[in-house]
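Peer 1: Any chance you can model this:
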Amino acid sequence: MKRRINKVLDFIDLHKGEEDKKKVIENITGAISFRGSNLWILACAILIASVGLNVNSTAVIIGAMLISPLMGPIVGAGFGLGMYDFELVKKSIKNLLIATFVSLAISTIYFYVSPFKEAQSELLARTSPNIYDILIAFFGGLVGVIAVTRVEKGNPIPGVAIATALMPPLCTAGYGLALGNISYFFGAMYLYTINCVFICIATFVIVKFLEYPVAEQLDLKRERQVKYGISILIMLMILPSIYFAYQLFVEKSYTQRTEIFIKKEFTDHDYPIIYEKIEYNSKPKKIKLAFLSKKFNHQEIVDLNKKLVEYNLLNTQLIIQQDTFNLSNDVLKRINSSKDLVDKKDILINSLREQLSEYQFNNEQITNESKALFPYISALAIGNYSYKDGQTTKIIPIVLYQSKKELDREMDKRLKSWLKIRLAKDSIEVYKQASK
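Peer 2: Now for the predicted structure:
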């Protein structure tokens, strides 16, 4: 039995494949400084990440994270704490602060001069950290430090750079500063701080576990102070993130109940939805919907709003948008901000289908009918002309016809009357196409 246990322990032993400790410390110390090339690489990485967040490109953001040198001073601080090398800790924190201020300055300038100010989904994802971000930072940090202490570095390092995501929160904080949005700034800086602290703590754990040499012998009181300081820092990071995680859970639960409401009250009744938007943070909360063809009267909308209580959707207002022209602007905004190409296409097709069906004309069919009624007409074409009349958009059909001879006044009047009835329009404009 003891032999089996020894085999298991030998199997998971972290000391196997470990790099020489002195060499690891030299590498860590060398990666701390932000001077010369490191500073230029950081500046370029920040600009790339800012562009990626600005245009909502995940691939560009990942590229920026891969070339970022920000992990150096964070891991250095963890090593310094684990070895009680407070000079290394001070140097690491100093360089991390330099890197942070440089990054904030560059991203703020970029977003200030950028013509695109809209907050994209990749950017918004970095403004509300929660407990899951702590888990990602801690375990990502563990993997990174284990890889750093190996002879064979392997593939984990790029993955750790992506998972721990230090660059995007800094760029998001710069975006918040550029636009004067304090909530974005503090939310992003909190996420950045979480990542830094828990990568540092993960490093501290591995350094202690691998028994790196202590640079300075501490008395029991000083050692206890270090441990208390780390514990307090952990609590300061964890408690707000638990609150944010709870808020996320509440929002997800609300969204699920909303989906059930929409399914049972609309989808199950075969009412195709072309537009759906949930405004969770508004007061009251709002569910905005629009339908392909179904029209609801005032009483039906009132009854549907009353049903919200049955689905535990309290303090919520259902808004059904039935104005086609006003709706189209909202739909196009949603298309422009969506990441999913399939969703974009489906939203666009569904939202315009009703308008197209109302204003399309079968030119060939109408031409054939007109020839039977008006023998002199040889060809006919119809199109729509739209114009603004105050706040209202009006559309008038324009008819062009070719005729073997000039129509007299009576025949022209009959043609216009027939076209009004045939096209079901109150007013139309009819013109004879000039001969070539």
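
Peer 1: Spell out the secondary structure type for the closest residue to Ala178 other than its chain neighbours.
Peer 2: Once flanking residues are discounted, Ala178 sits nearest to Phe111: 3.7 Å by C-beta to C-beta, 6 or more residues apart in numbering. All C-beta spots, glycine's among them, are computed from the backbone N, C-alpha and C. Classification of Phe111 using DSSP: H, G, I helix; E, B strand; the rest coil returns helix.

Peer 1: got a list of what Phe111 touches?
Peer 2: Each residue near Phe111 by C-beta atoms under 8 Å, 6 or more residues apart in numbering is listed here: 50, 54, 117, 171, 174-175, 177-179.

Peer 1: for Ser427, same thing?
Peer 2: 396, 420.

Peer 1: ok, it to Val399 distance?
Peer 2: Counting by C-beta to C-beta, to the nearest Å, the gap from Ser427 to Val399 is 12 Å.

Peer 1: And for Phe244?
Peer 2: 62 Å.

Peer 1: neighbour-wise, which of the two wins?
Peer 2: Val399 (21 against 18; other C-beta atoms under 10 Å).

Peer 1: surely that one meets Ala381?
Peer 2: Yes: at 7.4 Å, Val399 counts as touching Ala381 under the criterion of C-beta atoms under 8 Å.

Peer 1: where along the stretch 301-436 of the chain do the strands fall?
Peer 2: Using DSSP state E, counting those that start in this stretch, the strands assigned to the stretch 301-436 of the chain run over residues 316-320, 377-389, 392-403, 429-432.

Peer 1: what lines up beside the first one in the sheet?
Peer 2: According to DSSP bridges, strand 316-320 has the following sheet partners: strand 285-291 (parallel).

Peer 1: Any buried residues in the strand it pairs with, and which?
Peer 2: 285, 287-291 (16 or more other C-beta atoms under 10 Å).

Peer 1: hang on, the earlier thing: I'd like to know which of the contacts of Phe111 are buried.
Peer 2: 50, 54, 171, 174-175, 177-178.

Peer 1: okay, and the helix or strand of this structure with the least pLDDT?
Peer 2: When the helices and strands of the chain are scored by mean pLDDT, DSSP states H and E, helix 324-337 comes last with a mean of 52.

Peer 1: where does the stretch 101-250 of the chain have low pLDDT?
Peer 2: Along the stretch 101-250 of the chain, segments meeting pLDDT under 70 span 153-164, 216-219.

Peer 1: Run through the helices of it in chain order.
Peer 2: Secondary structure of the stretch 101-250 of the chain (DSSP state H, counting those that start in this stretch): helices located at 121-124, 131-148, 156-164, 167-179, 182-209, 220-265.

Peer 1: so what does the first one touch, helix or strand wise?
Peer 2: Other helices and strands packing on helix 121-124, by 3 or more C-beta pairs under 8 Å, 6 or more residues apart in numbering; DSSP states H and E, are helix 37-55, helix 167-179.

Peer 1: so can I have JSON lines of these showing distance to Leu70?
Peer 2: Formatted as JSON lines, the helices and strands packed on helix 121-124 follow (distance: least, C-beta to C-beta, whole Å):
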{"stretch": "helix 37-55", "distance to Leu70": "7"}
{"stretch": "helix 167-179", "distance to Leu70": "7"}
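
Peer 1: Quick one: closest of those to Ile201.
Peer 2: helix 167-179 (17.6 Å; C-beta to C-beta).

Peer 1: For the closest one, what is the distance to the chain centroid?
Peer 2: On the basis of C-alpha atoms, centre = their mean, to the nearest Å, helix 167-179 is displaced by 14 Å from the centre of the chain it belongs to.

Peer 1: what does stretch 259-274 give?
Peer 2: On C-alpha atoms, centre = their mean, the centre of stretch 259-274 falls 26 Å from that of its chain.

Peer 1: and the end-to-end length of it?
Peer 2: 15 Å (C-alpha to C-alpha, to the nearest Å).

Peer 1: Skipping adjacent residues, who's closest to Leu88 in space?
Peer 2: Gly80 (3.4 Å).

Peer 1: How about the secondary structure of that neighbour?
Peer 2: On the basis of three-state DSSP, Gly80 is classed as helix.

Peer 1: my guess is Asp85 meets Phe79, correct?
Peer 2: Yes: judged on C-beta under 8 Å, Asp85 makes contact with Phe79 at a distance of 7.3 Å.

Peer 1: more crowded one of these two?
Peer 2: More neighbours surround Phe79 than the other of Asp85 and Phe79, with 27 against 21 (other C-beta under 10 Å).

Peer 1: Who are the contact partners of the more buried one?
Peer 2: So Phe79 contacts 25, 28, 85, 88, 203, 207, 212 (C-beta under 8 Å, 6+ apart).

Peer 1: how close does it get to Ile273?
Peer 2: Counting by C-beta to C-beta, the gap from Phe79 to Ile273 is 55 Å.

Peer 1: Equivalent analysis for Ile395, please.
Peer 2: In terms of C-beta to C-beta, Ile395 sits 25 Å off from Ile273.

Peer 1: What are the contacting residues of stretch 177-188?
Peer 2: Residues contacting stretch 177-188 (C-beta under 8 Å, 6+ apart): 104, 107-112, 117, 119, 126-129, 169-170, 172-173, 175-176.
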